[in-house]
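K.L.:
This is the structure alone, sequence omitted:
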């Protein structure tokens, strides 16, 4: 289904903490995302896309390499990402094959508040990127002071730098580009009581909208959670953002405005590609690093294996394809993006890659696809419990393996999509529980 084009450019757009349902094209009746909706209408949207680990640093490393966290061993506070893994990253492979590679915005592979931590430092970054503009480290926060003293929103600064990269490429079509654009939005601003800080241009949006309360928001649901979750950092952050109806509405409207700000800047990039005649030679992929609790379960932030945190938006828009406006419901993972990028650009995937190219699904080809995947969270912090699990097409199994005794959860997703009823203690599901335990052990071993 792909018509030949000599060489394709690649634009990979990644947001931060944007859950799968924060797009109009994914069924949200309130949020305004016309440019993302247009990408989905002329491309392929994956309705069951997931992060294999719901935390920024580890997930971004998985996007970069196509590897599980257990394999690349990188998250916050770990040693630098090893050279053996950056060597098989999609930007390094494309750069070695003549692409002009760049990253603008949040690289995210960082540790303990220091600049990007990759083995080999600047030399390794140079092997991956011709253009490395990880400006989140020099311009903290969303309000970026300009040389003339004025303030610009970080989302707009990111968009402008991406447009400048595209414009700089115009007239140099003999060398294809691979540009990764990573927005900090809609991540809340740590330490700022406003939490969600949006561009001025989005201030008039959602003023009169009432955002519905999430599933499992009843206080009784939270009280029934185990103590180690009730006392976790997720509850601390809920108190600062979603503890009252007033806080919830203010912060959700702010969150929606931040997503709409990203969407507007995606539109600016699309306009730049159109203006310079590059749209038909540029593959565009849109995703987020992981999902988020927005007050769900009486919690905030990510880190746990529930659907809210694992599900991410994923759109692939390849102008060569004749398959347009399709929604695929196969399980797509963050570790699939790197091999997909390489495959669509015409290069082989390293044998060590654990993800799979999505190209057969984009071409509507018959293929034997996965029916389950392993997920994990290994960040070592006392108030954020570690966990691992497995998701199949109809079931979810989660275990908090450092608790004593181990705390387990089992959900039948076909009848309980909001994961409201833990079935672990019900005798009639004992056989299914054992089956999911074995599957989790098997997938865990294969992901290492």
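P.N.:
Arrived safely. Values in this document were obtained by computation on a predicted structure and should not be read as measured data.
K.L.:
Flag the shaky bits of the chain, pLDDT-wise.
P.N.:
Scanning the chain for pLDDT under 70 picks out 1-6, 111-113, 136-139, 173.
K.L.:
Longest helix in it, by number of residues?
P.N.:
For the chain, the longest helix by residue count, based on DSSP state H, is helix 245-275.
K.L.:
I'd like the distance from that helix to the chain centre, please.
P.N.:
From the chain centre to the centre of helix 245-275 is a distance of 16 Å (CA atoms, centre = their mean, to the nearest Å).
K.L.:
Give the other helices and strands that it contacts.
P.N.:
Packed against helix 245-275 by the contact rule (3 or more CB pairs under 8 Å, 6 or more residues apart in numbering; DSSP states H and E) you find strand 9-15, helix 34-41, helix 154-169, helix 233-241, strand 282-288. Just so you know, the C-beta spots here come from the backbone N, C-alpha and C atoms, and that holds for glycine as well.
K.L.:
got the buried residues for it?
P.N.:
For helix 245-275, burial by neighbour count (16 or more other CB atoms under 10 Å) applies to 247-270, 272-273.
K.L.:
what lines up beside the helix or strand where residue 179 lies in the sheet?
P.N.:
Using DSSP states H and E, residue 179 sits within strand 177-182. Applying DSSP bridges, strand 177-182 is found paired with strand 9-15 (parallel), strand 100-105 (parallel).
K.L.:
what's the helix or strand that comes right after the last one in contact with?
P.N.:
Along the chain past strand 100-105, the next helix or strand (assigned with DSSP H and E) turns out to be helix 121-128. Taking CB atoms under 8 Å, 6 or more residues apart in numbering as the criterion, the residues outside helix 121-128 that touch it are 83, 86, 87, 89, 91, 92, 95, 101, 116, 118, 120, 132.
K.L.:
and of those residues, the nearest to residue 336?
P.N.:
residue 89 (14.6 Å; CB to CB).
K.L.:
Apart from its chain neighbours, what residue comes closest to that closest one?
P.N.:
Closest residue to residue 89 apart from its sequence neighbours, by CB to CB, 6 or more residues apart in numbering: residue 64 at 4.7 Å.
K.L.:
From residue 283, how far out is the one you found?
P.N.:
Shown here: residue 64 relative to residue 283, a distance of 17 Å by CB to CB, to the nearest Å.
K.L.:
out of those two, which sits in the busier spot?
P.N.:
Using other CB atoms under 10 Å, the more surrounded residue of residue 64 and residue 283 is residue 64, with 28 against 23.
K.L.:
the inter-axis angle of the helix or strand hosting the more buried one versus strand 100-105?
P.N.:
In the assignment (DSSP H and E), residue 64 maps to helix 56-65. Interaxial angle, helix 56-65 versus strand 100-105 (axes from the mean of the first three to the mean of the last three CA atoms, to 10 degrees): 160 degrees.
K.L.:
let's number from 19 now, not from 1
P.N.:
Renumbered: residue one is now 19, and that last one reads helix 74-83.
K.L.:
chain center to helix 74-83: distance?
P.N.:
Between the centre of helix 74-83 and the centre of its chain there are 9 Å (CA atoms, centre = their mean).
K.L.:
One more: stretch 433-441?
P.N.:
Distance, centroid of stretch 433-441 to centroid of chain: 24 Å (CA atoms, centre = their mean).
K.L.:
circling back to that earlier point, I'd like to know which of the helices and strands packed on helix 263-293 is closest to residue 433.
P.N.:
Closest among the helices and strands packed on helix 263-293, once you apply CB to CB, is helix 251-259, at 25.8 Å.
K.L.:
List the contacts of the closest residue to residue 427 other than its chain neighbours.
P.N.:
Of all residues not flanking residue 427 in the chain, residue 416 sits nearest, at 4.3 Å (CB to CB, 6+ apart). Going by CB under 8 Å, 6+ apart, residue 416 touches 322, 323, 324, 405, 406, 407, 426, 427, 428.
K.L.:
Of these - the most surrounded one?
P.N.:
Neighbour counts for those peak at residue 407, which has 27 neighbours (criterion: other CB under 10 Å).
K.L.:
give me the element that residue is part of.
P.N.:
strand 405-410.
K.L.:
What is that strand packed up against?
P.N.:
For strand 405-410, the elements it packs on are strand 390-395, strand 413-418, helix 448-465, judged by 3+ CB pairs under 8 Å, 6+ apart.
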